[in-house]
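Colleague: the following comprises the amino acid sequence and a computationally predicted model.
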Amino acid sequence: MRTAIASRVASRLAGGHGSQKLAVAPKLIDPNSLTAFVDILPIPRIAKPVGERVIQGGSAARLPVYRIPVAPVATQIHRDVPLTRVWGYGGSMPGPTIEARSGDGIFVEWPNELPTRHFLPIDHHLMGAEADKPEVRTVVHLHGAKVPPESDGYPEDWYVPGRSATYHYPNEQDPALLWYHDHAMGINRLNIYAGLAGLYVIRAGREDSLNLPAGAFEIPLVLMDRMIRQDGQLYYPVSQIPDAPWIAELFGNAILVNGKLLPYVDVRPRKYRFRVLNASNARFFSLALKNGPAMHQIGSDQGLLAEPIELKLLTLAPAERADLIIDFADHKGERIVLQDGVVPVMQFRVGSERIVDSSSLPKTLRPVARIPESAAVRVRELSLDEQVDVLDEPMIHLLNSKRWHEPVTENPILNTTEIWSLVNATEDTHPIHLHLVRFQVLDRKPFDVNHFLATREIRYVSDPFPPEPGEMGWKDTVRATPACATRIIAKFEGYPGRYVWHCHILEHEDNEMMRPYEILSR
Ligand code: C2O
Ligand code: CU
Ligand code: CU
């Protein structure tokens, strides 16, 4: 990595911007030039178990076993775009949705059936992606799940084509929309960009009894941005330095919903439940319905909020989820476009038939008890850092000024509660994610960045901002905004062992904005 920094600096000093080392992007598909809303929104299929496995516990139990291979797949992202070669789980992108019940564990086998060559530009200067490592490696992580460390998909637990791993997901947690995705050290951004992501829904009786829209009226929306070459293939841009191609963030101009570009969906004039995931590498979405009904947010990353909130605009950082109710009853026969800012994403075609909608949008959803600050046995101040080169180009991102290979510094004791204060002295919002645990957002406290950079001392400059209404439930990913200390509170329950916490902008994560943490048993 130091070599990469040196070579980036040398190259910029020698040639500066626009030198002969500038990587020229190929001609890309401009989504504005395509006919919009000609493809039906696909719904990922529901995975089916292939067998059972007996586990010994207090009482022996038989758990369903799923088998979801990781393999190349060709997919039609739009009627008028040639087939795109991607990598998928279980033959699709996004992969099949796993439906689980709270308290009922499952096993999933994840065979690596990928080729041995990667089709996206690996940066061998990045930690864990050195030239002596196999090009193609995968390991799957179930984001938002409370799982034993050996099933969590630790970034160094990757395995090569021809190998497989079977993970145990106990599902001993509240109902929520989780998602599974690749987590291989140093190439995570490329593997997820290649298509390695899918949904995992945990349900429970107490949520079923709320009578929310269900079945055909509950629709998952997996949003991801991509750059598509004119021949239909994925393009991942590279830096100006051929042997250090890492870029600081990927922003694609093509927004895929469940793998389709500009799809439409026929809906009836009634309530629907939409389970929305931002599976992009770096893009934050600001979603709104143009000329449409209000959206009600009923849930966030880790399940239902205490009560619905009405939204005009939904902001979702990478890896964040939102659970929405949208009622089309007053929009019979209309066509409503979901937009990210001013960019069309997809279209809802509302039918004009008379129907009876017996589903509900309850006034209250579930109790969400706030964890008192006094429950915390420890407060950690953790800085989010960025190092730039002489030309102000980002080169590396760090957590608490530490690199991946330095010894563990965050080591909470099992079943204790801690406050983590994410002190962001950079100019970016970083979506920070902790594995294993759910947390609550306490507040965001603005501080004097210049003073902090000069002295490492935190001087607060104004009153804290409370969390946004949509952040008042349980979370696993939080937007740590610039010039603020974003404070979260978590009880470190589950299992002792080694996990990770990281920025979910995948380019940052792959370039050292990820740290191991360890839960100690005492
Ligand atoms: Cu989406 Cu380490 O996680
Ligand atoms: Cu995770
Ligand atoms: Cu980041």
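Modeller: Okay, I see it. Ligands and ions are numbered 1, 2, ... in the order given.
Colleague: not counting its neighbours along the chain, what's nearest Asp327?
Modeller: Excluding the flanking residues, the one nearest Asp327 by Cβ to Cβ, 6 or more residues apart in numbering is Lys271, at 4.6 Å. Bear in mind the C-beta positions are built from the backbone N, C-alpha and C, glycine included.
Colleague: burial measure for the one you found, as a count.
Modeller: Lys271 is flanked by 21 other residues according to other Cβ atoms under 10 Å.
Colleague: got a list of what it touches?
Modeller: 213, 217, 325-329, 357, 359-361 (Cβ atoms under 8 Å, 6 or more residues apart in numbering).
Colleague: helix or strand for the nearest residue to Val437 once chain neighbours are set aside, which one?
Modeller: Nearest residue to Val437, sequence neighbours excluded (Cβ to Cβ, 6+ apart): Ala490, at 4.6 Å. Take DSSP states H and E as the rule and Ala490 turns out to sit in strand 484-491.
Colleague: which strands or helices does that strand pack on?
Modeller: Strand 484-491 is packed against strand 417-424, strand 439-446, strand 477-480, with contacts defined by 3 or more Cβ pairs under 8 Å, 6 or more residues apart in numbering; DSSP states H and E.
Colleague: who's in contact with the next helix-or-strand element following that strand?
Modeller: Of the helices and strands lying after strand 484-491 in sequence (DSSP H and E), the nearest is strand 497-503. With contacts defined as Cβ under 8 Å, 6+ apart, strand 497-503 is touched by 148-150, 152, 154-155, 384, 397, 399, 408, 410, 430-436, 508-509, 513-519.
Colleague: and the two most separated of the contacts of Lys271?
Modeller: Based on Cβ to Cβ, the longest span within the contacts of Lys271 runs between Phe328 and Ser360 and measures 15.4 Å.
Colleague: ok, stretch 292-301 near ligand 2 or not?
Modeller: No: judged by Cβ under 5 Å from the ion, stretch 292-301 and ligand 2 are separated, with a smallest distance of 10.0 Å.
Colleague: please apply the same query to stretch 470-489.
Modeller: No: Stretch 470-489 stays clear of ligand 2 (Cβ under 5 Å from the ion), getting no nearer than 6.6 Å.
Colleague: pull out the buried positions in that stretch.
Modeller: Neighbour-count burial for stretch 470-489 flags 470-481, 483-489 (criterion: 16 or more other Cβ atoms under 10 Å).
Colleague: what about it, average pLDDT?
Modeller: Stretch 470-489 shows an average pLDDT of 98 in the prediction.
Colleague: okay, that stretch in CSV with CA atoms only?
Modeller: Output of stretch 470-489 as CSV, limited to C-alpha atoms (Å, rounded to 0.1, in the frame of the first residue of the first chain):
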residue,chain,number,x,y,z
GLY,A,470,-36.3,7.1,10.5
GLU,A,471,-33.3,6.5,12.6
MET,A,472,-35.2,6.1,15.9
GLY,A,473,-35.5,2.3,15.5
TRP,A,474,-32.8,-0.4,15.6
LYS,A,475,-30.0,0.1,13.1
ASP,A,476,-26.8,-1.7,12.0
THR,A,477,-25.5,1.0,9.7
VAL,A,478,-25.3,4.7,10.5
ARG,A,479,-24.5,7.7,8.4
ALA,A,480,-21.6,9.3,10.2
THR,A,481,-21.9,12.8,8.9
PRO,A,482,-18.9,15.2,8.4
ALA,A,483,-17.8,17.5,11.2
CYS,A,484,-19.9,15.5,13.7
ALA,A,485,-19.4,12.9,16.3
THR,A,486,-22.2,10.5,15.6
ARG,A,487,-22.9,8.6,18.7
ILE,A,488,-24.4,5.1,18.8
ILE,A,489,-25.1,2.8,21.7
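Colleague: wait, Ile432 sits on Val478?
Modeller: Yes: the pair Ile432 / Val478 is scored as a contact, 5.6 Å apart, by Cβ atoms under 8 Å.
Colleague: who touches both of those two?
Modeller: What both Ile432 and Val478 touch, as defined by Cβ under 8 Å, 6+ apart, is the set 422, 486.
Colleague: thinking again about what came up before, name the stretch among the helices and strands packed on strand 484-491 that sits most buried.
Modeller: Each of these was scored by mean neighbour count; the highest is strand 477-480, a mean of 26, by mean count of other Cβ atoms under 10 Å.
Colleague: contacts for it, please.
Modeller: With Cβ under 8 Å, 6+ apart, strand 477-480 has contacts from 284, 301, 315, 317-320, 384, 422, 424, 429-433, 439, 441, 471, 486, 488, 504.
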